[in-house]
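In: Sequence plus predicted model, see below.
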Amino acid sequence: MKLGFSGAGNRLTWLNIPAEGSHGSGHPTLSFEIEVDQEEPDKISIGLMDMDEDGFIREVHRTAQFPARLLAELLSRRKATTEEARAWEASGDEE
């Protein structure tokens, strides 16, 4: 996972998460990027990126833009499944 910061106050503006590859590992080149639109901060874009071996964007496969409030609403409704909660608790034991 990578985070991007910019602008006044060095605010978080994007998040890059590797797509899942075979056997649950991170995909070697595909990732999802979630980015706040700098010109319209109430808009968020999610894109599927194809990255080269140095982590630079080689190709953008698809991007969708939507109001940030929709993502906030979705996240406020989302509850972890029992399996997710167990995995989260187990990961805390490993640290």
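Out: Here it is on my side, so go on.

In: Partner strands of the helix or strand in which Ser31 is found, with direction?
Out: Element membership for Ser31 (DSSP states H and E) is strand 26-36. Paired strands of strand 26-36, with direction, are strand 11-20 (antiparallel), strand 43-51 (antiparallel) (DSSP bridges).

In: quick one, which of these is nearest to Ala80?
Out: strand 11-20 (17.5 Å; CB to CB). C-beta coordinates here come from the backbone N, C-alpha and C atoms, glycine included.

In: circling back: select from the strands paired with strand 26-36 the stretch with the lowest mean pLDDT.
Out: Lowest mean pLDDT of the strands paired with strand 26-36: strand 11-20, a mean of 82.

In: buried sites along that one?
Out: Residues of strand 11-20 classed as buried: 13-14, 16, 18 (neighbour count, 16 or more other CB atoms under 10 Å).

In: any residues touching it, and which ones?
Out: 1-7, 26-27, 30-36, 38, 48-49 (CB atoms under 8 Å, 6 or more residues apart in numbering).

In: Just the buried residues from those residues, in PyMOL please.
Out: In PyMOL, a selection of the buried entries from the contacts of strand 11-20 looks like this (16+ other CB under 10 Å):
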select buried, resi 30+31+33+35+36+49
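
In: any chance of the buried residues of strand 11-20 in TSV, plus distance to Ala87?
Out: Shown next, in TSV, are the buried residues of strand 11-20 (distance: CB to CB, whole Å):
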residue	distance to Ala87
Thr13	29
Trp14	26
Asn16	22
Pro18	18
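
In: which pair in those spans the largest distance?
Out: Every pair of those checked by CB to CB; the farthest is Thr13 and Pro18, at 18.9 Å.

In: Now do the longest helix anywhere in the chain: distance to the chain's middle.
Out: As assigned by DSSP state H, the longest helix anywhere in the chain is helix 82-94. On the basis of CA atoms, centre = their mean, to the nearest Å, helix 82-94 sits 20 Å off its chain's mean C-alpha point.

In: before we move on, what about stretch 71-81?
Out: On CA atoms, centre = their mean, the centre of stretch 71-81 falls 15 Å from the chain's centre.

In: Now tell me what touches that stretch from outside.
Out: 44, 88.

In: ok, what's across the strand from Leu30?
Out: Asp50.
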